[in-house]
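[1] Fold the following.
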Amino acid sequence: MKNLIPSYIRVPVIFFAIAGLVEYFVDSGDQPAFMEQPIILLFLLLVLLVLIAIEGIVGSMDNILYQSLDEEAKARYDAQRAAPSKLTVWVNDTYKKLLGSKPIEEEGELILDHNYDGIKELDNNLPPWWLYGFYATIVFGVIYMVRYHVLNADDQFAEYEIEYAEAQRAIEEYKKTTKNLVDINTVEILTEASDLNAGQKIFETNCVACHMADGGGGIGPNLTDENWILGGGIKNVFKTISEGGRDGKGMVAWKASLKPLEMAQVASYVLKFQGTTPANPKEAEGDVWVDASLKDLETGEEVHDVNVEVKNVINDSLENSIDF
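    Numbering: from 1, shown residues only. Modelled structure (predicted):
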């Protein structure tokens, strides 16, 4: 019986392959499976013992069968074991063909007339593997040139832009299903009618007593002017709703009563009051807040009215949703 792979290699390879499969299929968190679950360590030790036992049994049976042979059969058996396998013969033949060299006995046919201090030069051909690789690069270069410079296929930059746009769309779709994961840093103005209607209901339930239904202000500040005590814009309004207003006299924190999505909805609704005319507007409080990074979607100029931010975002969303 011919063993192509020695047992001292075969046993560790099989053992670590089984251990790798166990690690792959067993969920053990950051710890290795055999450390997280001692039963797995016991299982792997059992597997190792079984593999060693199988090798020992097979080796013993092989020895018993060998001893039962007569001298002539033992000679044939030894010769067969000593002979190289078909795979080894094929690998050696293939290597010699790819090398393309001639035997030392035939080097006399390759010697050139050059002779430098007794050093002679052989006129060997280039190795076939090198030639085939060179021809392959030529074929690849022609195909590449035709594809990208003649047929104008998407190059790396275009593919990057396409993948980036697809990733952005995937992010937007993900955001629609995970709105409750927003926080002060990731919150954005919500423009869908369902979100604004939900924000209006929250406002009418919890905020009207202090800010009035039209946002004109009462106990709380006026929400329709450009002045903000703790800053305007969706992020600042979201933070004020979540964390509360000024200590001792400001609005209470709503993060314990409202979910992140609900705070984003009511913050988006509050920003709709900007620029409207309430029945009895309260005197402005705080400072005029300007987001220098905002630009008008129509003119491209910097916006100095937060109301433009809200209206342009909402109007743009509505226009894109109309199917003509």
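[2] so how far is F238 from the closest residue to G233 other than its chain neighbours?
    The shortest distance from G233 to any non-neighbouring residue, by Cβ to Cβ, 6 or more residues apart in numbering, is to D291 (5.4 Å). Yep, even glycine has a C-beta here, placed from its N, CA and C like the rest. As for D291, its distance to F238 is 14 Å (criterion: Cβ to Cβ, to the nearest Å).
[3] sorry, back to before: neighbours of the residue nearest to G233, just the number please.
    With neighbours defined by other Cβ atoms under 10 Å, the count for D291 comes to 17.
[4] Look up which helix or strand it falls in, please.
    If you go by DSSP states H and E, D291 is not part of any helix or strand.
[5] Which secondary structure state does G231 sit in?
    Classification of G231 by DSSP: H, G, I helix; E, B strand; the rest coil places it in coil.
[6] Just the C-alpha atoms of the helix or strand hosting E72, please, in PDB.
    Secondary structure from DSSP H and E places E72 in helix 71-82. C-alpha atoms of helix 71-82 as PDB (Å, rounded to 0.1, in the frame of the first residue of the first chain):
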ATOM      1  CA  GLU A  71      10.300 -13.200  -0.600                       C
ATOM      2  CA  GLU A  72       9.400 -12.700  -4.200                       C
ATOM      3  CA  ALA A  73       6.200 -10.900  -3.300                       C
ATOM      4  CA  LYS A  74       8.000  -8.800  -0.800                       C
ATOM      5  CA  ALA A  75      10.500  -7.800  -3.500                       C
ATOM      6  CA  ARG A  76       7.700  -6.700  -5.900                       C
ATOM      7  CA  TYR A  77       6.000  -4.900  -3.000                       C
ATOM      8  CA  ASP A  78       9.100  -3.000  -2.100                       C
ATOM      9  CA  ALA A  79       9.800  -2.100  -5.700                       C
ATOM     10  CA  GLN A  80       6.300  -0.800  -6.100                       C
ATOM     11  CA  ARG A  81       6.600   1.300  -3.000                       C
ATOM     12  CA  ALA A  82       9.900   2.700  -4.100                       C
END
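[7] which secondary structure elements does it contact?
    Contacts defined by 3 or more Cβ pairs under 8 Å, 6 or more residues apart in numbering; DSSP states H and E place helix 71-82 against no helix or strand at all.
[8] following that helix, which helix or strand shows up next?
    Taking DSSP H and E, what comes next after helix 71-82 is helix 86-99.
[9] contacts for that next one?
    4, 84, 127-129 (Cβ atoms under 8 Å, 6 or more residues apart in numbering).
[10] now the strands for the stretch 51-200 of the chain?
    In the stretch 51-200 of the chain, the strands defined using DSSP state E, counting those that start in this stretch lie at 111-116, 119-122.
[11] sorry, back to before: check the contacts of helix 86-99 for burial and list the buried ones.
    The neighbour-count test (16 or more other Cβ atoms under 10 Å) marks none of the contacts of helix 86-99 as buried.
[12] so can I have CSV of those showing pLDDT and distance to Y174?
    Formatted as CSV, those follow (pLDDT from 0 to 100; distance: Cβ to Cβ, whole Å):
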residue, pLDDT, distance to Y174
L4, 65, 52
P84, 81, 59
P127, 82, 53
P128, 84, 53
W129, 86, 49
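[13] Identify those among those residues that sit within helices.
    If you go by DSSP state H, the contacts of helix 86-99 have 128-129 in helices.
[14] Now render the contacts of helix 86-99 as JSON lines, adding distance to D117.
    Conversion of those to JSON lines gives the following (distance: Cβ to Cβ, whole Å):
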{"residue": "L4", "distance to D117": "48"}
{"residue": "P84", "distance to D117": "41"}
{"residue": "P127", "distance to D117": "27"}
{"residue": "P128", "distance to D117": "32"}
{"residue": "W129", "distance to D117": "32"}
